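**Q** give me coordinates for this.
(one chain, ligands or ions: 1)
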Amino acid sequence: MFNTPCLTSPAAAHTLRGGGALKRGTTDMDRRREVATDRLLLRPWREGDGVELQRLFSDAAVRGERHMPSARIARLHEGSLQQWHTNGFGPWAAIDKATGSWIGRVGLDELEGWPGADRIEVGFELHAAWWGRGLATEAARVALAFGFEQHGLDRIISVTAAAHAAARRVMEKAGLTYQGHALLDES
Ligand SMILES: CC(C)(COP(=O)(O)OP(=O)(O)OC[C@H]1O[C@@H](n2cnc3c(N)ncnc32)[C@H](O)[C@@H]1OP(=O)(O)O)[C@@H](O)C(=O)NCCC(=O)NCCS
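**A** Okay, the predicted model is just below:
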């Protein structure tokens, strides 16, 4: 079972290997948890983001083929909060700097149940009104740098439905390399 909204079957996995100078476990007292890009404020997931996440996935265009009942979205929210405690990093809420609008969930995300050893994914889910402006790519690039440079990760993956051309294009533009397809059971 895969507890992430990014997986459907079959899925395409992409990966990027980094040479981060820091090792995981290095004290994170001074690490930045909040990052600004040209257009986005990316801040750690908060309790109040659960409502926003429900709203995000209430859009069929965002859900795509994924089955996202409310309880599953709530688990995703809880997991997003938890990761910041256990890993010292996790998904960000993406805020449009110009307007303060909450536009999506992006960044590093631990894939529960992923069969490989490297379970940290870079993920991106934005409200449809914000698509097509390069924002997912902008966030993904920063998330990769954050994982490799601030947290010393060796490898970051990204997984999506094989037919999800837009997500695969974001992965490519962010510098990830296609690794292969797998059949995954999302039930
Ligand atoms: C996938 C998603 C994150 C992309 O966000 P975005 O901000 O529009 O992405 P970007 O603008 O950075 O890049 C999208 C790229 O995909 C391309 N693209 C979009 N739709 C496409 C399609 N149907 N076929 C091929 N390419 C497509 C765009 O042209 C662009 O590439 P380009 O810069 O070379 O022109 C967004 O559509 C989304 O949130 N979807 C719903 C949630 C989701 O499925 N997330 C991924 C889960 S793994």
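**Q** can you list the strands that the lowest-mean-pLDDT helix or strand in the chain pairs with?
**A** Ranked by mean pLDDT, DSSP states H and E, the weakest helix or strand in the chain is strand 11-17, scoring a mean of 72. Next to strand 11-17 in the sheet, as set by DSSP bridges, lie strand 155-161 (antiparallel), strand 177-182 (antiparallel).
**Q** and the ones you listed: which comes nearest the ligand?
**A** strand 155-161 (3.6 Å; CB to the nearest ligand atom). C-beta coordinates here come from the backbone N, C-alpha and C atoms, glycine included.
**Q** tell me how far the least confident helix or strand of the chain lies from the chain's centre.
**A** Centroid displacement of strand 11-17 relative to its chain, using CA atoms, centre = their mean, to the nearest Å, is 13 Å.
**Q** show residues contacting it.
**A** Residues from elsewhere that reach strand 11-17, judged by CB atoms under 8 Å, 6 or more residues apart in numbering: 116, 118, 144, 154-162, 164, 168, 171-172, 174-184.
**Q** buried subset of these, written for PyMOL?
**A** Of the contacts of strand 11-17, the buried ones go into a single PyMOL selection, burial set by 16 or more other CB atoms under 10 Å:
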select buried, resi 144+156+157+158+159+160+161+164+168+171+174+176+184
